[in-house]
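[1] need a 3D model of the sequence below.
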Amino acid sequence: MKTGLITSDTYQNHNTGEGHPEKIDRVTAVIENFKKLNNKNLIWEKPSNFDHNLLIKTHSSKYIKQVQQSFPESGFNFLDGDTVVSPGSKDATKDAVGSIIAAIDGVQNKEFKNAFCAVRPPGHHAEKEKAMGFCIYNNVAVGANYLLEKYKYNKVAIIDFDVHHGNGTQNIFYDNEKVLYISTHQYPYYPGSGSEKEKGKFNNIFNIPLDAGTSANEYLNAYEQVLKKLREFKPEFLLFSAGFDAHIDDPLAQLRLTSEDFYKITKRTLEISKSFCNGNVISILEGGYDLKALQDSTQRHVDALIEFN
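    This next block holds a predicted model:
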């Protein structure tokens with residue numbers, strides 16, 4: 001079976017303004033690279049239209065209404081100091097969520113083995129009632145809740161290797177024993193959360209804080225703890241919050257991974273999880289702000305997903 005690549009042109013309408021790091025070019029660089037590679041093992045798919053009630057499991061009704069009313073008719077609106085929306089953000093945010101829904105349905109219906117969603121805006125900083133750090137809806141959290149509600153899974157794991165801690169995903173699942181959230185991230189760093197002491201109500205939050213300057217070898221050694229936790233939890237479905245800003249060339253942080261390391265992380269995770277996940281794996285783009293690094297790293301990440309087929 002092949003790997004799904006879920007994306008939509010509406011990301012181009014999410015204009016964040018001149019000089020903003022979370023810019024349109026990020027997804028364009030990724031998509032153009034995959035088009036150029038023309039890999040026959042990829043199935044290109046569009047996001048699903050979905051019932052907005054799906055968002056209510058993840059965000060409060062009040063917050064959803066606030067977001068819906070925030071999209072301006074022209075110009076920009078700020079949901080927080082660095083989370084910007086423009087008129088076209090409405091469709092982009094909807095399609096970012098719709099991508100993970102399409103990916104889950106595609107895997108469940110055996111249209112493809114696993115999937116990567118190339119979307120923006122990212123999601124993992126968005127809390128139950130708050131936009132943050134370029135994130136509006138928490139895409140991966142909506143996906144996890146969809147797996148629990150529609151497909152009745154009892155154990156879903158989210159691995160977040162973005163360089164920033166996914167405070168939003170942690171916030172949403174802190175008291176949910178069915179979801180294991182694991183994060184490797186630079187610490188102390190934005191958003192300030194993610195200490196080892198934050199464990200969740202059911203010991204279902206596992207943070208691995210890393211010092212600025214952490215080398216690839218040090219990171220890969222630390223990642224063994226992620227794999228150990230996965231083996232203990234034995235999820236039935238695995239979601240990656242795939243940020244590529246731990247790359248050595250990324251301008252927003254100070255970890256020192258290469259594009260090849262993202263291949264290794266993905267491959268190791270897929271090998272370990274095979275026995276309990278049956279290959280049920282979906283990845284969704286989070287951060288990554290050096291365009292060449294993002295292009296190369298997403299390519300190697302998806303290479304590992306394809307090989308696993």
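
[2] would you map the helices across the stretch 201-309 of the chain?
    Remark: helices assigned in the stretch 201-309 of the chain by DSSP state H, counting those that start in this stretch are 216-233, 259-277, 291-307.

[3] can you list those helices in CSV and add mean pLDDT, distance to F71 and mean neighbour count?
    To be clear about C-beta, it is placed using only N, CA and C from the backbone, and glycine gets the same treatment. Compiled in CSV, those are given as follows (pLDDT from 0 to 100; distance: least, C-beta to C-beta, whole Å; neighbours: other C-beta atoms under 10 Å):
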stretch, mean pLDDT, distance to F71, mean neighbour count
helix 216-233, 98, 37, 15
helix 259-277, 97, 33, 19
helix 291-307, 98, 26, 21
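
[4] of all those, which one comes closest to K23?
    Closest approach to K23 among those (C-beta to C-beta): helix 291-307, 9.1 Å.

[5] tell me how far the closest one lies from the chain's centre.
    In this view, helix 291-307 has its centroid 14 Å away from the chain centroid, taken as C-alpha atoms, centre = their mean, to the nearest Å.

[6] repeat that for stretch 261-277.
    Distance of stretch 261-277 from the chain centroid (C-alpha atoms, centre = their mean) equals 16 Å.

[7] now that stretch - C-alpha only, PDB.
    Extracted in PDB, the C-alpha atoms of stretch 261-277 (Å, rounded to 0.1, in the frame of the first residue of the first chain):
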ATOM      1  CA  ASP A 261      17.900  12.400  11.700                       C
ATOM      2  CA  PHE A 262      14.200  13.000  11.000                       C
ATOM      3  CA  TYR A 263      14.400   9.800   8.800                       C
ATOM      4  CA  LYS A 264      16.000   7.900  11.700                       C
ATOM      5  CA  ILE A 265      13.400   9.100  14.200                       C
ATOM      6  CA  THR A 266      10.500   8.200  12.000                       C
ATOM      7  CA  LYS A 267      12.000   4.800  11.000                       C
ATOM      8  CA  ARG A 268      12.800   3.800  14.600                       C
ATOM      9  CA  THR A 269       9.300   4.800  15.700                       C
ATOM     10  CA  LEU A 270       7.600   2.800  12.900                       C
ATOM     11  CA  GLU A 271       9.600  -0.300  13.600                       C
ATOM     12  CA  ILE A 272       8.900  -0.200  17.400                       C
ATOM     13  CA  SER A 273       5.200   0.500  16.900                       C
ATOM     14  CA  LYS A 274       4.500  -2.100  14.200                       C
ATOM     15  CA  SER A 275       3.600  -4.900  16.700                       C
ATOM     16  CA  PHE A 276       0.800  -2.900  18.400                       C
ATOM     17  CA  CYS A 277      -0.200  -0.200  15.800                       C
END
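
[8] now do H52, the pLDDT please.
    Confidence per residue is given as pLDDT, and for H52 that number is 89.

[9] distance of it relative to K90?
    Between H52 and K90 the computed distance is 12 Å (C-beta to C-beta, to the nearest Å).

[10] which of these two has more neighbours?
    Neighbours were tallied for H52 and for K90 using other C-beta atoms under 10 Å; the higher tally belongs to K90 (19 against 10).

[11] and what about that one, helix, strand or coil?
    What DSSP: H, G, I helix; E, B strand; the rest coil gives for K90 is helix.

[12] same list (the helices of the stretch 201-309 of the chain) but as a markdown table, adding distance to N171.
    Putting the helices of the stretch 201-309 of the chain into a markdown table (distance: least, C-beta to C-beta, whole Å) gives the following:
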| stretch | distance to N171 |
| --- | --- |
| helix 216-233 | 19 |
| helix 259-277 | 24 |
| helix 291-307 | 26 |
